[in-house]
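take this sequence and fold it.
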Amino acid sequence: MKYKLHLTTILILLLSLPKTSKADLYQIGLSLKLECLQTEFCKDDIVQFNLTMTNATEKSHSILIPGSQNKGHKLIHFSFFSVKNNFYTEVYHESERIDMNNEKPGSSTFERLAPKESTIVPLFLNDKVNYKKHIKAHHLMPDLPPGKYEVLVWYSPWEDSMSKYVYHMVSDFKTERTFDAEKINLPEGRLNSNYVTVTITDKKGKPGKSAPSTFCLDNCDYCLAIEKGNWDKVSGIIDRQTYYTKATKNKTDTSWAQPHRNVAWLSPGPDAVLSSLPSWYGRTIIFKNSKGYHYYSLTWQIGKIYHTRSRIRMFGNMARLNLPIKTEDLDYFRLVSFFPY
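Model prediction:
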């Protein structure tokens, strides 16, 4: 009887809550999942983490990612914690300010995600060669004694001037909250990922390596060319596997774009390309081999206009001649640019 009375009281209290208090409930529209490709490493290793950013809402939204950022405030930074008796103590907090070469302009960028869609941002600790050149590698290895640590990353976009276009700031301390259905709700502070357990040792760790697959066998020509730094062969493989015509595009081999042991990261393609042809399509890629990490930019041309043939056709039309000359190729898709950046 006493239990039923308590239950009835709780129900009455819930029903008596004002509607405004129920409206104050909100969903954080972005989720972060951190993974480390090496669970054990030493201070001399280059260690890759992958941060999966997911649009947790039921609508398509844009999010802000580091892009080519090279000055200002970091969107993403690390914290390391030691744990004793289930008590977490932060022993390393990465600098939130960017200290990079900024001779060339750089900025964060937007990425459009469908509902529940994700994108991966790679983060590299201790890549000294690329530390000053690429924001993905602009993360120092902490000077910590050997031991086990819990690691997470913080996502703090509010100091970026472009954050106001994609995020809506929500405060836990305001009595009345406003919402914007066209933007993702984020707390006014920082958003943190999950914890990842890592071990720092005195011995050199084993580098992360993808398991052999249909696309990446032990004798994979693509990975062997990357390991040797034979970039002409690498670009040739990519070009051959992305060229298509109406007759062959359904059979085109695209294994270069699948997971490979010597590819650290491949960016998604652009959200859209111009409908008028010719147009261009670009992606960036990070290769890895025994000499380090190598950043490359790739551009494909979509569609081709034959200008000389078009002029001949034009003169033919002026002379009232119907010349059977092909002046365009809508199925043209070729790699036209492959260079380090």
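
check which element follows the lowest-mean-pLDDT helix or strand in the chain along the chain.
None of the helices or strands of the chain scores lower by mean pLDDT, DSSP states H and E than helix 19-23, at a mean of 43. Downstream of helix 19-23, the next assigned helix or strand under DSSP states H and E is strand 30-36.

who are the packing partners of that following strand?
strand 47-55, strand 147-155, strand 191-192, strand 196-200 (3 or more C-beta pairs under 8 Å, 6 or more residues apart in numbering; DSSP states H and E). From N, CA and C alone the C-beta is placed, and that goes for glycine too.

mind redoing it with 10 Å?
strand 47-55, strand 61-65, strand 76-84, strand 118-125, strand 147-155, strand 184-187, strand 191-192, strand 196-200 (3 or more C-beta pairs under 10 Å, 6 or more residues apart in numbering; DSSP states H and E).

residues in contact with the shortest one: which ones?
By C-beta atoms under 10 Å, 6 or more residues apart in numbering, the surrounding residues in contact with strand 191-192 are 28, 30-32, 34, 53, 79, 152-157, 167.

again, only this time at 8 Å
28, 30, 32, 152, 153, 154, 155, 156 (C-beta atoms under 8 Å, 6 or more residues apart in numbering).

so can I have CSV of the residues you listed showing pLDDT?
Formatted as CSV, those follow (pLDDT from 0 to 100):
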residue, pLDDT
28, 86
30, 96
32, 98
152, 98
153, 98
154, 98
155, 98
156, 95
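
most neighbours, which of those residues?
residue 153 (24 neighbours; other C-beta atoms under 10 Å).

what's the closest non-adjacent residue to that one?
residue 193 (4.9 Å; C-beta to C-beta, 6 or more residues apart in numbering).

what about the one you found, distance to residue 37?
Plainly put, residue 193 is 15 Å away from residue 37 if you go by C-beta to C-beta, to the nearest Å.

what about those two, which has more around it?
Per other C-beta under 10 Å, whichever of residue 193 and residue 37 has more neighbours is residue 193, with 22 against 15.

and that one, how far is that from residue 154?
As defined by C-beta to C-beta, residue 193 lies at a distance of 8 Å from residue 154.

over to residue 230?
40 Å.

and for residue 298?
31 Å.

what's the answer for residue 257, then?
31 Å.

okay, helices next: where are they in the stretch 101-250 of the chain?
Along the stretch 101-250 of the chain, counting by DSSP state H, counting those that start in this stretch, helices occupy 221-228, 231-242.

burial count for the closest residue to residue 171 other than its chain neighbours?
Excluding its sequence neighbours, the residue lying closest to residue 171 (C-beta to C-beta, 6+ apart) is residue 188, at 4.8 Å. The tally of other residues near residue 188 (other C-beta under 10 Å) stands at 11.

residues contacting residue 188?
Applying C-beta under 8 Å, 6+ apart to residue 188 gives the contacts 158, 169, 170, 171.

the third one against residue 187, yeah?
Yes. Using C-beta atoms under 8 Å, residue 170 makes contact with residue 187 at a distance of 6.0 Å.

looking at these two now, which is surrounded by more residues?
Looking at residue 170 and residue 187 with other C-beta under 10 Å, you find the greater number of neighbours at residue 170, namely 19 against 14.

give me the distance between that one and residue 98.
For residue 170, the distance to residue 98 - C-beta to C-beta - is 26 Å.
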